[in-house]
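Enquirer: sequence-free structure coming up:
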């Protein structure tokens, strides 16, 4: 079965960096669009970044210039490099996947989800 396993979260001071990883198994990774969402306490899950089959990335406005998404098809892994972190970036970060190449910032568009990794940014 399909599994997505996130790692790399933790506690960091404002201005610091973290690199999240999401390792996939049970799917043909190169044929899937991969995305990152996040969910802060008491708030809904929201889109952060995505990467198409071609490797073209897209981002929500609040993270442009600070976050970089990438994928390694040989390792079946998608990454989210997060720089210049702010307290408002604090959330549980989830990776998700869907077959094919498309653009969507809606969580309902994605079939498969990881369990999430906590990112906490202190001020």
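Expert: Okay, I see it. Just so you know, these numbers come straight off a predicted model, no measurement behind them.

Enquirer: Now do the one helix or strand residue 119 maps to: everything it contacts.
Expert: Assigning secondary structure by DSSP states H and E places residue 119 in strand 117-122. Defining contact as C-beta atoms under 8 Å, 6 or more residues apart in numbering, one finds that strand 117-122 is touched by 6-14, 16, 18, 20, 38, 82, 85-93. Quick note: C-beta positions are derived from backbone N, CA and C, even for glycine.

Enquirer: Adjacent strands (with direction) for it?
Expert: Within its sheet, and counting by DSSP bridges, strand 117-122 is paired with strand 10-13 (parallel), strand 91-99 (antiparallel).

Enquirer: Could you report the pLDDT at the closest residue to residue 66 other than its chain neighbours?
Expert: Leaving out its chain neighbours, the residue that sits closest to residue 66 by C-beta to C-beta, 6 or more residues apart in numbering is residue 84, at 4.6 Å. Residue 84 carries a pLDDT score of 98 in this model.

Enquirer: Leaving out chain neighbours, which residue sits closest to the residue most central in space within the chain?
Expert: Centroid-nearest residue in the chain, with C-alpha atoms, centre = their mean: residue 36, separated by 2.4 Å. Computed as C-beta to C-beta, 6+ apart, the closest residue to residue 36 that is not its neighbour in sequence is residue 48, at 4.4 Å.

Enquirer: ditto for residue 53
Expert: Nearest to residue 53 is residue 101, by C-beta to C-beta, 6+ apart, at 4.1 Å.

Enquirer: any idea how far that neighbour is from residue 51?
Expert: Noted for residue 101: a distance of 10 Å to residue 51, by C-beta to C-beta, to the nearest Å.

Enquirer: which residues do these two both contact?
Expert: Contacts common to residue 101 and residue 51, judged by C-beta under 8 Å, 6+ apart, are residue 33.

Enquirer: okay, now residue 49: neighbour count?
Expert: If you count neighbours by other C-beta atoms under 10 Å, residue 49 ends up with 24.

Enquirer: Correct me if wrong: it contacts residue 57.
Expert: Yes. At 6.4 Å, residue 49 and residue 57 qualify as touching, with contact defined as C-beta atoms under 8 Å.

Enquirer: Can you check which residues contact both of those two?
Expert: Common neighbours of residue 49 and residue 57 are listed as residue 69 (criterion: C-beta under 8 Å, 6+ apart).
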